[in-house]
Structures are given as C-alpha cells and as structure tokens.
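> Next comes the sequence, and after it the predicted model I'd like to discuss.
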Amino acid sequence: MSFHPEPELRGHTLVVTVSSHDGRPVLDRHAYASLARTFHEAAANDEVRVVVLRGLAGCFCLGGDFSEFLDATKHKQLIAAVTDMFRMLATFPKPVLACVDGDAVGVGCTILFHCDMVIASRGSTFRVPFVDFGLVPDAATSILAPQKLGYAGAFRFFCLGDTLGVEDAKALGLVGEIVEGSAEEMALARARHLAKKPVAALLQTRGLLRGDTDVLCDRIDHEISLFQQALQDDATLKRLQRIARMAA
C-alpha cells in the first residue's frame, strides 16, 4: 500500500518527504498544508537545526495535483494551503537542503529555489512547464530564478519550458552538487556538518545572505493572484483538461 513517510528527526536534522499523503509524487492541498505545518513546527523546535527535503524513490516531485486545478470547489482551500506553504518556505529561519533523485517538475522544482543547497543524482531532471499550462511561476521564483540563474537562464527555463539535465542545472546554479549514487546520503552528510556549527552564527549568517523575505512574500501573493485568475480562464482550463487527459 502506498503511504507518505512522516517527517523523521535524525539527530538535529529533520528529513521531510515531498509527496501526497497517499504516496503519489505530487502535491495536493493536504500535502501543502502538511508541509506548512511541518516547517512551522520545525522553526519553533530547537532540536531541529537543518531540514532535508527528499522525494519518493526515483522521483523528487512531479508538481501539483491537476485534479484540484480543474475542480473549482477545491480552489479556495488549495490557494490558502499553497500560499501558507510558500510563505513558510520563504521565511523559514533554518537551513534547508534538498536531495533530488529523478524528476523535479513544476512546484517540485520551484521549491528548490528556497533551498540553501540542492544535491542531485546523475539522472535527475528539472522542468517548470507553467507557461505551457497557461500559468505563471509560483513560490516567488519570478524573483528567485533570475537571482540564481541570471535573467537569460531564468527566461529560457521558465518561458521555453526546457527540461534541464543535472549538468545544465548545475552550470546554471540551480544544483550545487552532483553525486553518482543516492543524493540523500550526501545531503544528510552536509546536514550533519551544518548542524555542528554554532547555531546563532549559522542562522544569522543565513538570514543576512537571504535578505528581506517580505519582498518574497509580497511576490508570492501576487503570483498566487495571477494563478487564481488563470484558473478562471476558459482557455486555460481547456488546456489543463487536455493535458490531464494526455497524462491519464
């Protein structure tokens, strides 16, 4: 039976799995709410010094749950959960590492822009097909992507919808390290190393490097507003329905 692994505290590292609660490599409103709650609790827990995000075996995350995009009765709860999770990511005060083994698509890729280190295995790929779906990027990546990838790299990645192999993702700056085996083992090693650092100095340095998170939260709200408008557009809904049928 498919299941969603619960967050696991290993020493001072909290390991969090990015997936739906029924074991699919996607995020639905329940998964967004669960992630937001997990990050909120981790922020207040002094035992947690580093968070490591991982996906299911062979796949990091394939994005949002299309069925919720197409069900207007779920939009209010979905938007609230998405906003809460993105804002929590943007303001989370502790280091976040991601280990990517396999595909990172849509929101499964944009959450990586909030991570302080992304470690990926050799066969991993990255894609953000928002424009192809008639949508805009999320998670404040309209700010974070140009900062990390440069404007030209961000434009190609988001507007052309290119799939990046792990080498290209590293060259652009999305991926920090490539490993031949499992990325999780390396991420946990990096997390243990960070967890041994003087806590106050580590958190203060990270905060200085990240800068004003209020700007990110404002952009998250604006992106979500545009996303919500798109879900009310007939042409966008027909496009999403067609894509959902092709994926079925």
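Done, it's in. Numbers count the residues shown, from 1 in each chain.

> Doesn't Phe126 belong to a helix?
No: Phe126 sits outside any helix when classified using DSSP: H, G, I helix; E, B strand; the rest coil, being strand.

> What is the neighbour count of it?
25 (other Cβ atoms under 10 Å). Every residue, glycine included, has its C-beta placed from N, CA and C.

> mind listing what's buried in stretch 217-231?
Across stretch 217-231, burial judged by 16 or more other Cβ atoms under 10 Å covers Cys217, Arg219, Ile220, Glu223, Ile224, Phe227, Ala230, Leu231.

> next one: stretch 29-45
Across stretch 29-45, burial judged by 16+ other Cβ under 10 Å covers Arg29, His30, Ala31, Tyr32, Ala33, Ser34, Leu35, Ala36, Thr38, Phe39, Ala42.

> residues making contact with it?
With Cβ atoms under 8 Å, 6 or more residues apart in numbering as the test, stretch 29-45 has contacts from 4, 7, 14, 16, 18-21, 27, 48, 51, 65, 68, 74, 77-78, 81-82, 84-85, 88-89, 92-94.

> now do 7 Å
For stretch 29-45, the external contacting residues (Cβ atoms under 7 Å, 6 or more residues apart in numbering) are 7, 14, 16, 19-21, 48, 51, 68, 74, 77-78, 81-82, 84-85, 88-89, 92-94.

> Can you go through these and name the buried ones?
Among the contacts of stretch 29-45, those scoring as buried are 7, 14, 16, 19-20, 48, 51, 68, 74, 78, 81-82, 84-85, 88-89, 92, 94 (criterion: 16+ other Cβ under 10 Å).

> show me the contacts for Lys148.
By Cβ under 7 Å, 6+ apart, Lys148 lies in contact with Phe113, Gly173, Leu174.

> Now the host helix or strand of Arg87: average pLDDT?
Using DSSP states H and E, Arg87 sits in helix 75-91. Here helix 75-91 scores 96 as its mean pLDDT.
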